[in-house]
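Asks: Any chance you could fold what I've pasted below:
(2 chains, ligands or ions: 1)
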Amino acid sequence: MAKGDPGAAARSKRAAPRTRRAAAAGEPELVQLLTPEGERIETALGPDGTEYRVDFTDEEYRGLYRDLVLVRKLDAEATALQRQGELGLWASLLGQEAAQVGSGRALRTQDMAFPTYREHGVLYCRGIDPIMPLGLFRGVDQGGWDPNEFKFNMYTIVIGAQTLHATGYAMGVAMDGKTGGEDGEAVIAYFGDGATSQGDVNESFVWASVFNAPLVFFCQNNQYAISEPLERQTRVPLYRRAGGFGFPGVRVDGNDVLASYAVTRHALDNARNGQGPSLIEAYTYRMGAHTTSDDPTRYRIASEVEAWQAKDPIARMKAFLTKQKIADESFFTEVDEQARTESVHLRERVLAMPDPQPVSMFDHVYPNGSPELDEQRARFSQYMESFEGSAH
Amino acid sequence: MATETLTLGKALNTGLRRALENDPKVVIMGEDVGKLGGVFRITDGLQKDFGDQRVIDTPLAESGIIGTAVGLAIRGFRPVCEIQFDGFVYPAYDQIVSQVAKMHYRSQGKVRIPMVIRIPFGGGIGAVEHHSESPEAYFAHTAGLKVVSCANPQDAYVMIQQAIASDDPIVFLEPKRRYWEKGPVDLEAPIADAYPLHSARVVRPGTDATVLAYGPMVRTALDAATAAAEDGRELEVIDLRTLSPLDLTAVYESVRRTGRCVVVHEAPGNLGLGSEIAARITEECFYSLESPVLRVTGFDTPYPAARVEEEYLPDLDRVLDAVDRTFGW
Ligand SMILES: Cc1ncc(C[n+]2csc(CCOP(=O)(O)OP(=O)(O)O)c2C)c(N)n1
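Replies: Residues are numbered from 1 along each chain as shown, chains lettered A, B, ... in the order given. Below is the predicted model of the structure:
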């Protein structure tokens, strides 16, 4: 029987009751540890026979649930703020919480992440104040966190560009001798299904492979690039592309926080141990609009959204926690309370964000300044001062 | 003083070697830069002496070269990227303009991209298409990048080291047709105190008109000045050296004295650096000018077939004609 044969799960005699070959019902070749109904699968087999499992304490299970709820709530608050005109735009992660929290929590402190513009959940897991990306979308700054301090680079708007930055950074990790062993460093690059069509992403696959870079490519296949469905980007399941570039690829249920964690942790550990890059395709769905300026009713049907609703990452985690008696109603109420408080707090702080001083636009163009720009700044300052005291 | 006579190409090679020796974080990367030493041999012997982790033969993908260098720079390295030929920088244009140039600004100074993008540029070597272009205006137009060009071996040796030591991302334009021209190089020239990277320099003093050039055209301008001297005209030749930011202080001083100015470059005239320079001189030196600032440039065509490049490229006669015209007003 060929490895990765989609029919393998059904026919395999090896598949013990709680071990599943990578093929969840209805989805081809999908690593899953938690079904949409909240059933735990002990071990899942990847397409290359890798066994994926997690071993969490009850406290850790509850922590993951809390992350999912908080991230969803903060995202909803940002969407509301945009609707009320307080943000110019917002790219929501609704539906992708498990992929982001699972992969984000799999990172170790020393690992470096290169996000797109949608990784608010990963940003949260990196310990960055969730207000940070809102400055970018409100237009008061260009993203305020320190990428070096938090090991989470700036958001990248140009599709795919960051995958090359991640590759170069990972090459640097290897050149610094920081691979091998537990305290080795690994790098993760986030991108979407649409991005896989970009030259930069394909170039980064080539580069990472030939330089054996300690890098995990994490593709959130949310089925759409703005309006274009997956079929407009590829005829091949995305995770299988990795094979052609010479590294392993795996598709994980991106709505399953446990599997997302397990698969990412495994890939990161391989990278940090010097085994080079891998590609994870987190199979998920963008429940909302692409961004707040998009109208998804033009290109997708309600039944599709409903079908994905049934696979909701938070609902299945809640069902699991309840069934296993890991958490009770009072815990869920408490988490909801915390989410509400934090989102109100976020709202107040966003409304209080001051506009930047106009002259600040001249700051940080060059590390060591530029005489021409210094002169322009001086002239601009003079011009602005000429209005001082007047009614403008 | 350890002065040696070197070609411009060898001077660059020696400067790169110094940079690799002085800072273990400097890495050279590009297509064929390792074993082959680059198609122009500018990196000759460097991989042999510094290993393939410091002098990296990359896959054939320009966006990849620049994009991974961005990541290396974030990691604390100082990448020096070679783009094999000017006409092949465009696949990397997005990374250079959208990423390299803006990271420091977007991160409010927290992320530095101290990288050098070396590009052999300009024509005059009888090459096929895409091998003779002058893309400087594209980069000079982009805030966040600095653009410089060397014109003689001494500057090549010093400027490449200064560029690598600088925290600015720098597009370093090498006048490929001057790679084989020789000149004296003081190998002990201090990098920090030598002529600063971002400064123009008077390379021939004169009193009657100012000729501005950079890169490959400096030699042409100097030859024109020699010829003009035989006709009794003393031309002042200024090598701009830095194209972004422009250092026009010495230029203004010169034009106020001579009252006449000709700007020379190989790139097409339309929206080229000459236009900007002429406008700036007009704004700053209006009352000192005896005649309009004139430009001598390539034509607004794609770079033509090699058999006609002599007609395309500004030469001594076109420069002298322009000088004559400035005296006709
Ligand atoms: C190079 C480039 N082209 C076009 C765009 C405009 N654009 C922004 S997001 C997007 C779709 C991206 O889809 P995908 O990679 O699947 O990521 P998703 O937003 O679905 O997470 C497009 C076309 C862009 N930002 N960059």
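Asks: Give me the distance between the residue nearest to A:Leu87 when sequence neighbours are not counted and A:Ile159.
Replies: Once flanking residues are discounted, A:Leu87 sits nearest to A:Phe137: 4.5 Å by CB to CB, 6 or more residues apart in numbering or on different chains. Yep, even glycine has a C-beta here, placed from its N, CA and C like the rest. Computed as CB to CB, to the nearest Å, the A:Phe137 to A:Ile159 distance reads 17 Å.
Asks: just A:Ala189 next, same as before
Replies: Taking CB to CB, one finds A:Ala189 at 13 Å from A:Ile159.
Asks: More neighbours: which of the two?
Replies: Shown here are A:Ala189 and A:Ile159; by other CB atoms under 10 Å in any protein chain shown, A:Ala189 has more neighbours (32 against 19).
Asks: if I've got this straight, the more buried one is in a strand?
Replies: Yes. Assessed with DSSP: H, G, I helix; E, B strand; the rest coil, A:Ala189 lies in a strand.
Asks: helix/strand/coil for the residue nearest to B:Ala101 when sequence neighbours are not counted?
Replies: The shortest distance from B:Ala101 to any non-neighbouring residue, by CB to CB, 6+ apart, is to B:Gly144 (3.4 Å). Following three-state DSSP, the label given to B:Gly144 is coil.
Asks: for chain A, where's the lowest mean pLDDT among helices and strands?
Replies: Least confident helix or strand of chain A, by mean pLDDT, DSSP states H and E, is helix A:8-11 with a mean of 40.
Asks: Pop out the phi and psi values for B:Val97.
Replies: Here is the backbone geometry of B:Val97 (degrees, to the nearest 10): phi -80, psi -40.
Asks: Please tell me I have it right and it contacts B:Thr142.
Replies: Yes. Between B:Val97 and B:Thr142 there is a contact under CB atoms under 8 Å: 5.1 Å.
Asks: the more surrounded of those two?
Replies: Counted by other CB under 10 Å, B:Val97 and B:Thr142 do not tie: B:Thr142 has more neighbours, with 20 against 17.
Asks: Now B:Pro79: which helix or strand?
Replies: strand B:78-82 (DSSP states H and E).
Asks: repeat for B:Thr5
Replies: strand B:3-7.
Asks: List the contacts of that strand.
Replies: Strand B:3-7 is contacted from outside by B:Thr14, B:Pro153, B:Tyr157, B:Tyr179, B:Trp180, B:Glu181, B:Lys182, B:Gly183, B:Pro184, B:Val185, B:Asp186, B:Leu187, using CB atoms under 8 Å, 6 or more residues apart in numbering or on different chains.
Asks: Tell me which strands that strand pairs with, and in which orientation.
Replies: Applying DSSP bridges to the sheet, strand B:3-7 is found paired with strand B:182-186 (antiparallel).
Asks: Counting neighbours, which bits of the partner strand end up buried?
Replies: Residues of strand B:182-186 classed as buried: B:Gly183, B:Val185 (neighbour count, 16 or more other CB atoms under 10 Å in any protein chain shown).
Asks: and that strand, how far out from the chain's middle?
Replies: 18 Å (CA atoms, centre = their mean, to the nearest Å).
Asks: which other residues reach it?
Replies: With CB under 8 Å, 6+ apart as the criterion, strand B:182-186 contacts B:1-8, B:11, B:14, B:152-154, B:157.
Asks: Buried members of these into PyMOL, please.
Replies: Buried residues among these (16+ other CB under 10 Å), as a PyMOL selection:
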select buried, chain B and resi 6+7+8+11+14+152+153+154+157
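Asks: Okay, the residue of chain A at minimum distance from the ligand and A:Met317: tell me how far apart.
Replies: Residue of chain A nearest the ligand, by CB to the nearest ligand atom: A:Gly192 (2.2 Å). Look at A:Gly192 and A:Met317: by CB to CB, they are 24 Å apart.
Asks: hmm, back to that, switch the contacts of strand B:3-7 over to CSV; also include distance to the ligand.
Replies: Supplementary listing: these in CSV, determined by distance: CB to the nearest ligand atom, whole Å:
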residue, distance to the ligand
B:Thr14, 40
B:Pro153, 41
B:Tyr157, 39
B:Tyr179, 36
B:Trp180, 40
B:Glu181, 41
B:Lys182, 45
B:Gly183, 44
B:Pro184, 48
B:Val185, 44
B:Asp186, 47
B:Leu187, 45
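Asks: Turn those into CSV, including pLDDT and distance to B:Arg256.
Replies: Output for the contacts of strand B:3-7, formatted as CSV (pLDDT from 0 to 100; distance: CB to CB, whole Å):
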residue, pLDDT, distance to B:Arg256
B:Thr14, 98, 38
B:Pro153, 98, 32
B:Tyr157, 97, 33
B:Tyr179, 98, 36
B:Trp180, 97, 37
B:Glu181, 98, 32
B:Lys182, 98, 35
B:Gly183, 98, 30
B:Pro184, 97, 32
B:Val185, 97, 33
B:Asp186, 96, 32
B:Leu187, 95, 37
